[in-house]
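**Q** Task: produce atomic coordinates for the following.
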Amino acid sequence: MNDGPWQTMPAYAAINQELELVMPHHFRLVTDLSGLPAGPQTIEAEVTWPDGQVVRERAHFTLRAR
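**A** Next up is the predicted model:
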């Protein structure tokens, strides 16, 4: 988050209630954003698949003042 340290992003079994389908190949990052100031932020995620392929995604978002 914002060029800070990497955090573990464990596997997460997402559940589609409508189809009653469990999708165990998803990942979810739970992090505390309360220490971030209002304004533009960047999050980047990197996943290495079992075959060694590395996938990296980066997104920008804005936190509003409370």
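**Q** And for the helix or strand of the chain with the lowest mean pLDDT, what's in contact with it?
**A** Lowest on mean pLDDT, DSSP states H and E among the helices and strands of the chain sits strand 21-27, with a mean of 78. Under the criterion CB atoms under 8 Å, 6 or more residues apart in numbering, residues 9-16, 45, 47 lie in contact with strand 21-27. In this view, the C-beta of every residue, glycine as well, is placed from N, C-alpha and C.
**Q** repeat that for 7 Å
**A** The contact list for strand 21-27 (CB atoms under 7 Å, 6 or more residues apart in numbering) reads 9-16, 47.
**Q** quick one: strands adjacent to that strand?
**A** Paired with strand 21-27 in the same sheet, following DSSP bridges, are strand 11-16 (antiparallel).
**Q** Just the C-alpha atoms of the strand it pairs with, please, in PDB.
**A** The C-alpha coordinates for strand 11-16 follow below in PDB (Å, rounded to 0.1, in the frame of the first residue of the first chain):
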ATOM      1  CA  ALA A  11      -6.300 -17.500  -0.400                       C
ATOM      2  CA  TYR A  12     -10.000 -16.900   0.100                       C
ATOM      3  CA  ALA A  13     -12.900 -19.100  -0.900                       C
ATOM      4  CA  ALA A  14     -15.300 -16.600  -2.400                       C
ATOM      5  CA  ILE A  15     -18.900 -17.800  -2.400                       C
ATOM      6  CA  ASN A  16     -21.500 -17.100  -5.100                       C
END
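**Q** quick one: whichever helix or strand Thr42 is part of to strand 11-16, angle?
**A** In this assignment (DSSP states H and E), Thr42 forms part of strand 39-48. When axes from the mean of the first three to the mean of the last three CA atoms, to 10 degrees is applied, the directions of strand 39-48 and strand 11-16 differ by 110 degrees.
**Q** Just name whatever secondary elements strand 39-48 is in contact with.
**A** strand 54-63 (3 or more CB pairs under 7 Å, 6 or more residues apart in numbering; DSSP states H and E).
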